[in-house]
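Undergrad: Take a look and give me a structure for this.
(2 chains)
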Amino acid sequence: MTPGIRKFVRTAHITFTVGWLGAVAGFLALAIAGLTSKEAQTVRAAYIAMELITRFVLVPLSFIPLLLTGPLLSLGTPWGLFRHYWIMAKLVINILSTLILLLHMQPISYLAQVATEGTLSSADVSLQVQMVVASGAALLALLLATGLAVYKPRGMTPYGWRKQYEEHSAPSSADVST
Amino acid sequence: MSSQTPLPPDRATPPSMPRWVKVFGIILLMLVIVVIILHLTGNNLGGHIPHMP
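TA: Predicted coordinates for the structure are as follows:
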């Protein structure tokens, strides 16, 4: 990967991941408003907005770094995807966060539909609480992933160590040609 | 997110797993166990939708 393309992919990756973090923070604010507000219109607006944010912001922002920019950035640079523990930890966090988001698609749609048609009942409180807990947990997980990307804690996997050891012990192409 | 490059290994044996990875793994395992317990007790994610039209 050329330095120009690498910089472009890195910029896209940071934009999507930090955008995802911001969108989850917005979702959490709406989930808290939906749970605690006494105004029926506020509650209704919150759950309708949550469904829209999920469908058009959260899902694309979670899939692009996970499936496109993340693997491109890892595999196109010496960092690799499975060479360092911090990269693998980020991968696990992103996979789990996306999985939890997909598991919540149906409950979010349900809450939005009920909020559109009428008023939420006491039977829906557990789902409303679940939205707050899940988005709060997702926010913490994504903050942790951001911290890992910035601090890059030390630790190379046995696979990464073996690959780099092989690369450094093997003669370079310049040595072979001369 | 920075332009740093990984440092080359300087030893003949693979390094041991850092403590932070073990802590991360234990926390992850605990979270998975909690989710499984919630699932088995009927509190699974998305499992309490009273009436989907």
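Undergrad: Which residue is the nearest non-sequential neighbour of A:H13?
TA: A:T69 (3.8 Å; C-beta to C-beta, 6 or more residues apart in numbering or on different chains). The C-beta positions use only the backbone N, C-alpha and C, and glycine is treated the same way.
Undergrad: who touches that neighbour in this structure?
TA: A:V9, A:A12, A:H13, A:F16 (C-beta atoms under 8 Å, 6 or more residues apart in numbering or on different chains).
Undergrad: Please report how far the second one lies from A:L61.
TA: Spelled out, it's A:A12. 11 Å (C-beta to C-beta, to the nearest Å).
Undergrad: Those two: which is more packed in?
TA: Between A:A12 and A:L61, counting by other C-beta atoms under 10 Å in any protein chain shown, A:L61 is the more crowded of the two (23 against 16).
Undergrad: give me every residue that touches that one.
TA: A:F16, A:T17, A:G19, A:W20, A:A23.
Undergrad: A:G26 touches A:L52, doesn't it?
TA: No. Between A:G26 and A:L52 there is no contact under C-beta atoms under 8 Å: 11.0 Å.
Undergrad: between those two, who's got more neighbours?
TA: Taking neighbours as other C-beta under 10 Å, A:G26 and A:L52 compare with A:G26 leading, 16 against 13.
Undergrad: Grab the nearest non-local neighbour of that one.
TA: Using C-beta to C-beta, 6+ apart, the closest residue to A:G26 is A:I53 (6.4 Å).
Undergrad: can I assume the one you found sits in a helix?
TA: Yes. Assessed with DSSP: H, G, I helix; E, B strand; the rest coil, A:I53 lies in a helix.
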